[in-house]
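In: mind looking at a prediction? Sequence and model below.
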Amino acid sequence: MLRDFSTLWVAGMRADNASSGFISRSGEAPLITVDHASKFYKTGSGAVHALDNLTLDIQAGEFVCILGPSGCGKSTLLWAMSGLHGLTSGEIRLGGSLMTGPHPDIGMIFQDANLLPWKNLWQNILLPFEIKRIDPKPYIPRIRELLDEVGLTGFESKMPRELSGGMQQRASIVRCLSYDPKVILMDEPFGALDAFTRDEMNLLIQKIWMETGKTIVFVTHNVTEAIFLANRVIVLSARPGRIADIFPIDLARPRTIDETFEPAFIEKVLAIKRTIEHRPASATGAG
Amino acid sequence: MADNLRDNIPTFDDHAAGGDVNNWSALSQAPMVKSGREAAIIVGIFVAIIALVQFWLEASGTKSYVFPKPTEIGSALWNNFDLFWPHLLSTLRVLFTGYFIGAAVGLVLAATITQQPFIEKIITPYILLLVTTPMIALVPLLSSKLGYDTCAPRIIVVALASGPMVMINAATGFRRTDLGKIALARSYGASTLQIFTKIRFPLALPMIIVGLLVGAIFGLLTAVGAEMVGSSEGLGNRLVYYSSRVQMANFFAIIVILAVVGILDYIFFYWIGRKWASWEA
């Protein structure tokens, strides 16, 4: 089951990086820079201030989790990074060039798997190629390996309604990886799944990240999930979204679900919870 | 009696006897027909009803010019079909031409107005007017302008009757936007046209098919009505003709033909729906 196709991916990435003129490793120029980003939404009841002057750098190959309470603007930030939404002020750069719209190096995974119900699983996975008008042929061996990796081999001709929520989301992950984007943005992808499936998916994402070395930005409101996955947890304040604190997570990989119940892990959970709830460390016992 | 009946009424007996009812037509895929046994019961009840009507009409001594027996209708259908055939063709020609124009305009309008809410506000009152007014009323007016020997007035009213039905249903479909799927397509760099062809249109397709079905039925009703009011040919014209001559067997034979056309219409769109929109239960 566990296959090492990292060489395949890394080779692909290196070639891509070289051709687009930047190679980013930690210590070098960041891959994604968010510079003084602010966003106001117009709604029926007036303007909503979603993001406030947020500045953030993400290195190539990093796994960053953006964590915050509901409505703190974390999804707004992610959608702006994807180029799907614009900013009111500030700018986002990918590899030094300004984001002006959806970018071929960025893949997005949403909370809803968003499989098209009229296409079977295989056709759904090829949707990016259909829209981008790329011949999928050279990518097909890799897609087959990915399907195997996520345990969907044999389900290619199933329609989405015949798949469980977890299977649908795994299919959407394969669809995103299929065209080999450098950056994967994930918007609460496992928020609608049950706790067991969520654990499974978190292990899968960790494995994919370790094997492919993609840059992943992962939005969640689940503290444990954020710590489990991330190299860095960026905690946003309540609306308007600002960076409340940044927690580097130095736990060894691969991390296991069991580790999430160990004292060192729980200590990190508490520290982040206190930040979100504006509680000083001494107030823990008082509740 | 039984021989006559079997010759003239399209029963499902052959297939029921063969036991293989699952492959012969789109109807067998209907959820109600689950087995050969069920099909046999359904067909049996149908035959029993016809037989009961036959028996009752014979026992009560009802005159043929009041209500013809099923066997008389059957034999009229069998013996006079060559008389009915040109009129069936005439009706189908008017129906197809008018429906094609109406459905095409309706679909284009539906796709347009759902993108441009202001255009929708402008044209909605007229669409309501078209839907709620019986288009048959226009036939005498159109005939006086365009002539009585042309089928143009009938084609126009069929288009006017079926088009809005297609439009209203298709517009409902196009309004079912799934922002998540549109965002997904956009994240792949999809153009507005691609979002329409890859996301919006397939999403609307089940409702479009419903609209096409309803429009086709409305078109058929309007075509027959228009022929009854102002035409020298077509099945509607034959209805008026045979009833005025008290040829009730022929009259009912025409009604059977119309019913078959309507049912075929339904089966066709049912099949299309199965084929293209089966993802939606």
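Out: That came through, no problem.
In: which element, helix or strand, includes A:Arg93?
Out: strand A:89-94 (DSSP states H and E).
In: so which residues of the stretch 101-250 of chain B form helices?
Out: B:117-132, B:138-146, B:152-175, B:179-187, B:192-195, B:201-230, B:235-244, B:248-276 (DSSP state H, counting those that start in this stretch).
In: and the average pLDDT for stretch A:180-197 is what?
Out: The average pLDDT within stretch A:180-197 is 90.
In: per-residue pLDDT, residue 11?
Out: All of this is about chain A. 37.
In: right idea, wrong chain: chain B
Out: At B:Thr11, pLDDT is 41.
In: sorry, back to before: show me what the strand holding A:Arg93 is packed up against.
Out: Judged by 3 or more Cβ pairs under 8 Å, 6 or more residues apart in numbering or on different chains; DSSP states H and E, the packing partners of strand A:89-94 are strand A:32-43. (C-beta placed from N, C-alpha, C; glycine too.)
In: next, the angle from the strand it packs on to strand A:89-94.
Out: In terms of direction (axes from the mean of the first three to the mean of the last three Cα atoms, to 10 degrees), strand A:32-43 departs from strand A:89-94 by 140 degrees.
In: is chain B contacted by strand A:32-43?
Out: No. Strand A:32-43 does not reach chain B (Cβ under 8 Å from any Cβ of the partner chain); its nearest approach is 14.4 Å.
In: flag every buried residue along stretch B:255-266.
Out: Neighbour counts over stretch B:255-266 (16 or more other Cβ atoms under 10 Å in any protein chain shown) mark B:Val256, B:Ile257, B:Leu258, B:Val261, B:Asp265 as buried.
In: where exactly do the strands run in the stretch 51-200 of chain A?
Out: Along the stretch 51-200 of chain A, counting by DSSP state E, counting those that start in this stretch, strands occupy A:63-67, A:89-94, A:97-98, A:106-109, A:183-187.
In: just checking, what packs against the fourth one?
Out: Pointing back at strand A:106-109 there. Strand A:106-109 packs on helix A:74-82, helix A:165-178, strand A:183-187, helix B:179-187, going by 3+ Cβ pairs under 8 Å, 6+ apart.
In: re earlier: hey, least reliable of the strands of the stretch 51-200 of chain A by pLDDT?
Out: strand A:97-98 (a mean of 88).
In: and that one, how far out from the chain middle?
Out: Here strand A:97-98 is found 20 Å from its chain centre; the criterion is Cα atoms, centre = their mean, to the nearest Å.
In: residues in contact with that strand: which ones?
Out: Residues outside strand A:97-98 that contact it (Cβ atoms under 8 Å, 6 or more residues apart in numbering or on different chains): A:Glu91, A:Ile92.
In: you'd agree A:Ile216 is in a strand?
Out: Yes. Per DSSP: H, G, I helix; E, B strand; the rest coil, A:Ile216 lies within a strand segment.
In: quick one, what contacts it?
Out: Contacts of A:Ile216 by Cβ under 8 Å, 6+ apart are A:Glu62, A:Phe63, A:Val64, A:Val183, A:Ile184, A:Leu185, A:Met186, A:Ile205, A:Trp209, A:Leu229.
In: so the fifth one sits against A:Val217, correct?
Out: So the one you mean is A:Ile184. Yes. Shown here, A:Ile184 and A:Val217 form a contact pair, counting by Cβ atoms under 8 Å, at 7.5 Å.
In: tell me which residues of stretch B:73-80 are tucked away?
Out: B:Ile73, B:Gly74, B:Ser75, B:Ala76, B:Leu77, B:Asn80.
In: wait, which of those residues is closest to chain A?
Out: Nearest to chain A, judged by Cβ to the nearest Cβ, of the buried residues of stretch B:73-80 is B:Leu77 at 41.5 Å.
In: state the mean pLDDT of the helix or strand containing the closest one.
Out: Per DSSP H and E: B:Leu77 is located in helix B:70-79. The average pLDDT for helix B:70-79 rounds to 93.
In: using PDB, list the CA coordinates for that helix.
Out: The C-alpha coordinates for helix B:70-79 follow below in PDB (Å, rounded to 0.1, in the frame of the first residue of the first chain):
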ATOM      1  CA  PRO B  70     -63.300  -1.200 -27.700                       C
ATOM      2  CA  THR B  71     -63.400  -3.800 -30.500                       C
ATOM      3  CA  GLU B  72     -65.100  -1.200 -32.900                       C
ATOM      4  CA  ILE B  73     -62.400   1.400 -32.000                       C
ATOM      5  CA  GLY B  74     -59.800  -1.300 -32.600                       C
ATOM      6  CA  SER B  75     -61.100  -2.200 -36.000                       C
ATOM      7  CA  ALA B  76     -61.500   1.400 -37.000                       C
ATOM      8  CA  LEU B  77     -57.900   2.000 -36.000                       C
ATOM      9  CA  TRP B  78     -56.800  -1.100 -38.000                       C
ATOM     10  CA  ASN B  79     -58.900  -0.600 -41.100                       C
END
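In: now do it: distance to the chain's middle.
Out: On Cα atoms, centre = their mean, the centre of helix B:70-79 falls 24 Å from that of its chain.
In: residues from the stretch 1-150 of chain A in reach of chain B?
Out: Near chain B, when you scan the stretch 1-150 of chain A using Cβ under 8 Å from any Cβ, you find A:82-84, A:101-102, A:104, A:106-108, A:110, A:112, A:114, A:116-118, A:127-128, A:130-132.
In: okay, angle between the helix holding B:Leu77 and helix B:235-244 too, please.
Out: Using the same axes, to 10 degrees: helix B:70-79 against helix B:235-244 is 130 degrees.
In: which parts of the host helix or strand of A:Val269 are buried?
Out: Using DSSP H and E, A:Val269 sits within helix A:263-276. Within helix A:263-276, the residues that count as buried by 16+ other Cβ under 10 Å are A:Phe265, A:Lys268, A:Ala271, A:Ile272, A:Arg274, A:Thr275, A:Ile276.
In: report the separation between the third one and A:Cys72.
Out: When you say that, I think you mean A:Ala271. Distance of A:Ala271 to A:Cys72, given as Cβ to Cβ, to the nearest Å: 18 Å.
In: which residues are in contact with the strand holding A:Arg93?
Out: Contacts for strand A:89-94 (Cβ under 8 Å, 6+ apart): A:31-38, A:53-54, A:80-81, A:98-99, A:103, A:105-106, A:183.
In: one more time with 6 Å
Out: For strand A:89-94, the surrounding residues in contact (Cβ atoms under 6 Å, 6 or more residues apart in numbering or on different chains) are A:Ile32, A:Thr33, A:Val34, A:Asp35, A:His36, A:Ala37, A:Ser38, A:Ala80, A:Met81, A:Leu98, A:Met99, A:His103.
In: could you export that strand as PDB, CA atoms only?
Out: Provided in PDB are the C-alpha atoms of strand A:89-94 (Å, rounded to 0.1, in the frame of the first residue of the first chain):
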ATOM      1  CA  SER A  89      -6.000  46.400   0.100                       C
ATOM      2  CA  GLY A  90      -2.600  44.700   0.300                       C
ATOM      3  CA  GLU A  91      -1.200  42.100  -1.900                       C
ATOM      4  CA  ILE A  92      -0.300  38.400  -2.200                       C
ATOM      5  CA  ARG A  93       2.600  37.100  -4.100                       C
ATOM      6  CA  LEU A  94       3.400  33.600  -5.200                       C
END
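In: buried set for that strand?
Out: Quick answer for strand A:89-94 (16+ other Cβ under 10 Å): A:Gly90, A:Ile92, A:Arg93, A:Leu94.
In: give me the domain ranges for the chain.
Out: Because you didn't say which chain, this covers chain A. Domain ranges of chain A: A:6-105+A:183-279, A:115-180, per automatic domain parsing.
In: ah, I was thinking of chain B
Out: B:2-62, B:80-276.
In: what's the closest non-adjacent residue to B:Met228?
Out: Sequence neighbours aside, B:Gly236 is the residue nearest to B:Met228 in space, at 4.1 Å (criterion: Cβ to Cβ, 6 or more residues apart in numbering or on different chains).
In: that neighbour and chain A, how far apart?
Out: 39 Å (Cβ to the nearest Cβ, to the nearest Å).
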